[in-house]
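Trainee: Here is my input, please return the structure:
(chains A and B)
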Amino acid sequence: MTGMGRELTRKTATELAAAIAAGDVSAVEVTQAHLDQIAATDDRVRAFLHVATNEALAQARAVDEKRARGESLGALAGVPVAVKDLFATAGVPTTCGSKILQGWVPPYESTVTARLRAADAVVLGKTNMDEFAMGSSTENSGYGPSHNPWDLAKVPGGSSGGSAAAVAAFEAPLSLGTDTGGSIRQPAAVCGIVGTKPTYGGSSRYGVVAFASSLDTPGPLGRNVLDTALLHQVISGHDPMDATSIDAPVPPVVEAARHGDVSGMTIGVVTELAGDGYQPGVMSRFAEAVEVLQGLGAKVVEVSCPHFKYGLPAYYLIAPSEVSSNLARFDGMRYGLRAGTGSAEEVMATTRAAGFGAEAKRRIMLGTYALSSGYYDAYYGKAQQVRTLIIRDFEAAFSQVDVLVSPATPTTAFDIGERADDPMAMYLADLCTIPSNLAGNAALSVPVGLAPENGLPVGLQVMAPPLADDRLYRVAAAVEAAFDSRRGHPLLAEAKGLGA
Amino acid sequence: MITRDDIAHLARLSRLALSDEELDHLAPQLDQIISSVAQVQEVAAEGIPATSHATGLTNVFRDDEPRPCLTPSEALSGAPAVELQRFKVPRILVEEG
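Mentor: Residues are numbered from 1 along each chain as shown, chains lettered A, B, ... in the order given. Modelled structure (predicted):
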């Protein structure tokens, strides 16, 4: 790769958009630099399931032509974005990391990716993920795991692990993920980047292959807070095609990211998101981040959310219940894999056994159990009541504080293979992130340094009330500026997994 | 306690033709997961309403206006088998007798 190409992949999305708009560099040059970086590194990272080389270069050329004609450019004109492989992209394969959708090419476009294209962004390709977004490591992908750019033997988190790894490996300045139980925040945390789960209903689910519809939230990942806010803004807002989309203005996230300031804010540390199972280096970096916030003028108080400890069990009833219903559509009849012979019912059962991986099967059966008559009230019904209690915990907390903070994950990135066949251990990776999915509020993870014991990134989770997504960026921008100035460089400059 | 027979029954309900090896592997895992998630039953939830989703929105309608939709060939583009511009599927009804 040429020196100029390398330089382009190190720039922020904000810088790239400005340079392209000013004519300092062409969109084609920027896209080609990222395609070159993918060619140079992705055999090791395996972030992408499909690189849309021709489509990306055509989009970039269209941006350059638009500029040459003097037309006004979109907010992300010419900026390459990697897209998690569960957003329907017309004419570009979409597999959801599943063998059951191998070779499927959607005939329509998701709202979120349509907005990306309307902002003149360039879709580089589709990123690896745990099958149907179920997992915390990408090991549940039907196409093999992605690798963490900090240490290739570690997982990049999941389910949006390919999207996080692509951004951390400088293969794309921005990426799109979805967060159902932590699937943006957890991979962002363990890859040392920023990732946001917007308020549920703030970003459209139209054209996002459904996992757990009451929890699924599309959101942005980026290398810094401002870039992430920019993408957040572009993909958000009301969509009549999604009945759960909120008809309200998009919170001023970009403005907030430009003005990181926590003076006068009250920040709550959640008592229950600490203790047994939390890695010492995660807790020491978290404590340091809280001190930084105090130093910047925030008032820090401790807040108890007593029902958060039931978040994990409630989630592992609600999400599988919705999965067992949503994945019923994969029946081998209208699209995707068809396997076996005999009656329609035999073909369905054979197709689903052949096409789904182990975790999808586990969760379908768990959900079928939780919804069956005789068990419904004791499992699914009870979990829905816990959901109410968690919402009340948040409401009580947000009556005292502006935002809540916790570690984003209990541990740093774990080894590939370590938890692959131990579902309960894998589920613990989402311990801190799940409450915000159950309650539907906004939350993000921002890097706060490396765990001393293993040199791997640690994320700070910031949680804000529904539709107060801008508060996340205000806090995260302040934290990022404080740590960057203390360190003298962005955290990712220390990532060594790819050499150099 | 979830038995292997329970798991085999769940697999049938879920339309998953699992092998014996898969059933042997999944049975103890599902038993462990179900005993763990049963913790939700500890919560005293007398009189607590259930939350099915977080926005509180109900009955969202949009205007009933004609708009462009997929063409038949687009709709059939992912089909495993097509005949006469229709999805071709295996036999659904089984003859009696």
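
Trainee: can we go C-alpha only for contacts and neighbour counts from here?
Mentor: Will do.

Trainee: For A:Tyr278, which non-adjacent residue is spatially closest?
Mentor: The shortest distance from A:Tyr278 to any non-neighbouring residue, by CA to CA, 6 or more residues apart in numbering or on different chains, is to A:Pro410 (4.5 Å).

Trainee: can you check A:Tyr200 too?
Mentor: Using CA to CA, 6+ apart, the closest residue to A:Tyr200 is A:Gly440 (4.8 Å).

Trainee: how about that neighbour, what does it touch?
Mentor: A:Thr199, A:Tyr200, A:Leu215, A:Pro466, B:His53, B:Ala54, B:Thr55 (CA atoms under 8 Å, 6 or more residues apart in numbering or on different chains).

Trainee: now it: how far from A:Phe48?
Mentor: 29 Å (CA to CA, to the nearest Å).

Trainee: that older thread, and the contacts of A:Gly440, which are buried?
Mentor: A:Thr199, A:Tyr200, A:Leu215, A:Pro466, B:His53, B:Ala54, B:Thr55 (16 or more other CA atoms under 10 Å in any protein chain shown).

Trainee: and the last one, what pLDDT?
Mentor: Per-residue confidence for B:Thr55 comes out at a pLDDT of 87.

Trainee: can you check the fourth one too?
Mentor: For A:Pro466, the model assigns a pLDDT of 98.

Trainee: Mind pulling up the pLDDT for the residue nearest the centre of chain B?
Mentor: With distances taken as CA atoms, centre = their mean, B:Ser14 lies nearest the centre of chain B, 7.0 Å away. Note on B:Ser14: pLDDT of 97.

Trainee: Was I right to think it contacts A:Leu366?
Mentor: No: counting by CA atoms under 8 Å, B:Ser14 stays clear of A:Leu366, with 9.9 Å between them.

Trainee: intersection of neighbour lists for these two?
Mentor: A:Ser324.

Trainee: re the thing from before, can I get the buried ones among the contacts of A:Gly440 in JSON lines with distance to A:Val63 and secondary structure?
Mentor: Formatted as JSON lines, the buried ones among the contacts of A:Gly440 follow (distance: CA to CA, whole Å; DSSP: H, G, I helix; E, B strand; the rest coil):
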{"residue": "A:Thr199", "distance to A:Val63": "31", "secondary structure": "coil"}
{"residue": "A:Tyr200", "distance to A:Val63": "32", "secondary structure": "coil"}
{"residue": "A:Leu215", "distance to A:Val63": "35", "secondary structure": "coil"}
{"residue": "A:Pro466", "distance to A:Val63": "35", "secondary structure": "coil"}
{"residue": "B:His53", "distance to A:Val63": "40", "secondary structure": "coil"}
{"residue": "B:Ala54", "distance to A:Val63": "39", "secondary structure": "coil"}
{"residue": "B:Thr55", "distance to A:Val63": "37", "secondary structure": "coil"}
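
Trainee: Which one of the residues you listed is nearest to A:Pro80?
Mentor: Using CA to CA, A:Thr199 is the member of the buried ones among the contacts of A:Gly440 that lies nearest A:Pro80, at 24.7 Å.

Trainee: Find the nearest non-adjacent residue to that closest one, please.
Mentor: A:Thr199 sits nearest to A:Ala442 (CA to CA, 6+ apart), 4.2 Å away.

Trainee: Contact partners for the residue sitting furthest away from the middle of chain A?
Mentor: Distance from the C-alpha centroid of chain A peaks at A:Gly342, with 40.8 Å (CA atoms, centre = their mean). Contact partners of A:Gly342, counting by CA under 8 Å, 6+ apart, are B:Pro90, B:Arg91.

Trainee: Show the average pLDDT along the helix or strand encompassing A:Tyr316.
Mentor: Using DSSP states H and E, A:Tyr316 sits within helix A:311-326. On average, the pLDDT along helix A:311-326 is 97.

Trainee: pretty sure the residue farthest from the centre of chain A is in a strand, no?
Mentor: No: checked against DSSP: H, G, I helix; E, B strand; the rest coil, A:Gly342 lies outside a strand; its state is coil.

Trainee: Give me the longest helix you can find in chain B.
Mentor: helix B:20-37 (DSSP state H).

Trainee: What lies in contact with the following helix or strand past it?
Mentor: Scanning forward in sequence from helix B:20-37 by DSSP H and E, the next helix or strand is helix B:72-75. Contacts to helix B:72-75, defined as CA under 8 Å, 6+ apart, come from residues A:Pro107, B:Gln85.

Trainee: list the contacts for the residue nearest to A:Thr199?
Mentor: A:196-200, A:436, A:463-469, A:472.

Trainee: So which of those residues sit within helices?
Mentor: Those of the contacts of A:Ala442 lying in helices (DSSP H): A:Ser436, A:Asp469, A:Leu472.

Trainee: could you give the mean pLDDT of the strand or helix carrying A:Ala188?
Mentor: Per DSSP H and E: A:Ala188 is located in helix A:185-191. Regarding helix A:185-191, the rounded mean pLDDT is 98.

Trainee: Pull out the buried positions in that helix.
Mentor: Those would be A:Arg185, A:Gln186, A:Pro187, A:Ala188, A:Ala189, A:Val190, A:Cys191, for helix A:185-191 by 16+ other CA under 10 Å.

Trainee: helices or strands next to it in the packing?
Mentor: helix A:161-168, strand A:194-197, strand A:442-450, strand A:457-464 (3 or more CA pairs under 8 Å, 6 or more residues apart in numbering or on different chains; DSSP states H and E).

Trainee: contact partners of the first one?
Mentor: Yep, that's helix A:161-168 we're talking about. Helix A:161-168 is contacted from outside by A:45-48, A:82-84, A:127-130, A:136-138, A:146-149, A:155-156, A:172-177, A:183-184, A:187-188, A:191-193, A:221-223, A:492, using CA under 8 Å, 6+ apart.

Trainee: Swap in 7 Å and give it another go.
Mentor: Identification of contacts with helix A:161-168 by CA atoms under 7 Å, 6 or more residues apart in numbering or on different chains yields A:47-48, A:82-84, A:127-129, A:137-138, A:146, A:148-149, A:156, A:172-177, A:187-188, A:191, A:193, A:221-223.

Trainee: residue contacts, B:Leu23?
Mentor: With CA under 7 Å, 6+ apart, B:Leu23 has these contacts: B:Arg4, B:Ile7, B:Ala8.

Trainee: right, and out of these, which lies closest to chain A?
Mentor: B:Ile7 (7.8 Å; CA to the nearest CA).

Trainee: For that closest one, give its distance to B:His25.
Mentor: B:Ile7 is 11 Å from B:His25, by CA to CA.

Trainee: So which bits of chain B are right by chain A?
Mentor: Within chain B, the positions adjacent to chain A are B:10-11, B:14-18, B:30, B:33, B:36-41, B:45, B:48-54, B:57, B:60, B:62, B:74, B:78-80, B:87, B:89-92 by CA under 7 Å from any CA of the partner chain.

Trainee: From those residues, list the buried ones, please.
Mentor: Buried subset of the residues of chain B next to chain A (neighbour count, 16+ other CA under 10 Å): B:10-11, B:14-18, B:30, B:33, B:37-41, B:45, B:50-54, B:78-80, B:87, B:89-90.

Trainee: List the contacts of A:Ala13.
Mentor: A:Val79, A:Pro173, A:Asp227.

Trainee: Then A:Gly182?
Mentor: A:Asp430, A:Thr433, A:Ile434.
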